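Q: model this:
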Amino acid sequence: MRAHRPDWDSYFMEIARIVSKRSTCMRRSVGSVIVKSKRILSTGYNGAPIGLEHCIDMGCLRERRKIASGERHELCRGLHAEQNAIIQAAYHGVSINGADLYSTHLPCSICIKMIINAGIEKVLYSDGYPDELSLELIRESGITVRQFEVAEIAEAGTDHGKKTGRHSTGAARHVDSKALGRSKAGRKAKVNADKS
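A: The predicted structure follows:
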């Protein structure tokens, strides 16, 4: 019997989750993967710049200053996963114009500005992030942003009367960018099932 093969979005989102395990942030682990034509161009996770001490080793500046998530992004030692993925592509001379970005979290306003200017056409993310400006920029830019949800599905097949097991499949959902702007931080945003 043939094993389950994940669709492309599930495949790249799972890689983003694995990349997030390299994070050195004390608040949340975020991973991003930049993909074009079903090929990985770059990856990134959130953490301090190369050669600098990590927050997990020295403590969190934002925690010490009691800065809420989604605010005062400049007061942080670390770079975001999306920023690191874009920087890695530039560092190695890889064009990401026309690419897609898979991220474990909705990009913040700084990251979404970089994504727009880098020419990234589509963003798929799993978890939200509390940044109203990001939602406004997404709506205004017209960039395609989709929330990705993983559903556990039990296979119906059997092998000599035994259940073959469970596997994860993903479902990308299209976020209506006009609805994002009408709701407080997108919490009540209209979400339409993606037909693609």
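
Q: low-confidence ranges, this structure, go.
A: Residues of the chain that meet the criterion pLDDT under 70 lie in 1, 150-196.

Q: what's the burial count for Thr144?
A: Using other Cβ atoms under 10 Å, Thr144 has 17 other residues around it. (Glycine included, C-beta is placed from N, CA and C.)

Q: quick check: phi and psi at it.
A: Thr144 adopts backbone torsions of phi -80, psi 120, taken as degrees, to the nearest 10.

Q: and if you look at Arg39?
A: The phi and psi values for Arg39, taken as degrees, to the nearest 10, are phi -120, psi 130.

Q: same check, this time on Tyr91
A: phi -60, psi -40.

Q: count of neighbours near it?
A: As a burial measure, Tyr91 scores 11 neighbours (other Cβ under 10 Å).

Q: with Gly93 instead?
A: Close neighbours of Gly93, defined as other Cβ under 10 Å, add up to 6.

Q: got the phi and psi for it?
A: Main-chain dihedrals, Gly93, degrees, to the nearest 10: phi 70, psi 30.

Q: flag every buried residue along the biggest helix by length in the chain.
A: Scanning the chain for the longest helix, with DSSP state H as the assignment, gives helix 8-20. Burial within helix 8-20, assessed by neighbour count using 16 or more other Cβ atoms under 10 Å, is assigned to 9-17, 19-20.

Q: can I get those residues in TSV including distance to Glu149?
A: Shown next, in TSV, are the buried residues of helix 8-20 (distance: Cβ to Cβ, whole Å):
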residue	distance to Glu149
Asp9	11
Ser10	11
Tyr11	15
Phe12	15
Met13	10
Glu14	13
Ile15	17
Ala16	14
Arg17	13
Val19	19
Ser20	17
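
Q: one step back: ok, and what's touching the longest helix of the chain?
A: Residues outside helix 8-20 that contact it (Cβ atoms under 8 Å, 6 or more residues apart in numbering): 6, 29-33, 35, 38, 40, 43-45, 81, 100, 102-104, 124, 126, 148, 150, 168-170, 172.

Q: taking those, please make a ChimeraX selection of just the buried ones.
A: Here is the ChimeraX command that selects the buried residues among the contacts of helix 8-20 (16+ other Cβ under 10 Å):
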select :29,30,31,32,33,35,40,43,44,45,81,100,102,103,104,124,126,148,170,172
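
Q: show me where this structure has strands.
A: In the chain, the segments counted as strands under DSSP state E are 31-36, 39-45, 100-105, 122-127, 144-154, 158-159, 162-163, 166-175, 191-193.

Q: could you check how far Met13 is from Phe148?
A: Distance from Met13 to Phe148, counting by Cβ to Cβ, to the nearest Å: 5 Å.

Q: any idea how far the longest helix of the chain is from the chain center?
A: 9 Å (Cα atoms, centre = their mean, to the nearest Å).

Q: cool, thanks, talk later.
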